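>>> Fold the following.
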Amino acid sequence: MLVLTRKNNQRIMIGNDIAVTVLECRGDRVRLGIAAPIEVPVHREELLIGEPRGDAKSALRASSELESPFFAEYA
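Numbering: from 1, shown residues only. Down below sits the predicted model:
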């Protein structure tokens, strides 16, 4: 595992066409932006392993995020 330290607005490149940008750091949370070609699937780990996120409303919101036009552009 490669471990890096990045500041806001700094990027990590994976290959030539996947960019991970640190958008914001707040407390123990980090917001990342991921730009990848449409043919490269990008998902949160908990959706792939089926780990519950809490209530049903959160699960519904999580599944609808994947179908959002915004996420389709960056998926």
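>>> Can you show me the strands along this structure?
Ranges of strands in the chain, per DSSP state E, are 11-14, 18-26, 29-35.
>>> With mean neighbour count and mean pLDDT as extra columns, can I get these in a markdown table?
C-beta: built from backbone N, CA, C; applies to glycine. Listed next are the strands of the chain as a markdown table, based on neighbours: other Cβ atoms under 10 Å; pLDDT from 0 to 100:
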| stretch | mean neighbour count | mean pLDDT |
| --- | --- | --- |
| strand 11-14 | 11 | 96 |
| strand 18-26 | 13 | 95 |
| strand 29-35 | 12 | 95 |
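>>> Mind putting these into CSV with distance to Arg44?
Output for the strands of the chain, formatted as CSV (distance: least, Cβ to Cβ, whole Å):
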stretch, distance to Arg44
strand 11-14, 17
strand 18-26, 14
strand 29-35, 11
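>>> who wins for proximity to Val42 among those?
When those are compared by Cβ to Cβ, strand 29-35 sits nearest Val42, at 5.2 Å.
>>> just so I know, which of the strands of the chain lies nearest Met1?
strand 11-14 (13.0 Å).
>>> Quickly run through the sheet partners of the closest one, with directions.
With DSSP bridges as the test, strand 11-14 is paired with strand 18-26 (antiparallel).
>>> tell me the angle of the strand it pairs with relative to strand 29-35?
160 degrees (axes from the mean of the first three to the mean of the last three Cα atoms, to 10 degrees).
>>> can you offset everything so residue one is 201?
Will do, 201 is the new start, and the previous item becomes strand 218-226.
>>> domain assignment for the chain?
201-239, 243-275 (automatic domain parsing).
>>> Any idea which of the ones you listed has the lowest pLDDT on average?
Note on these: domain 243-275 shows the lowest mean pLDDT, a mean of 57.
>>> What segments of this structure are helices?
245-249, 256-266, 269-274 (DSSP state H).
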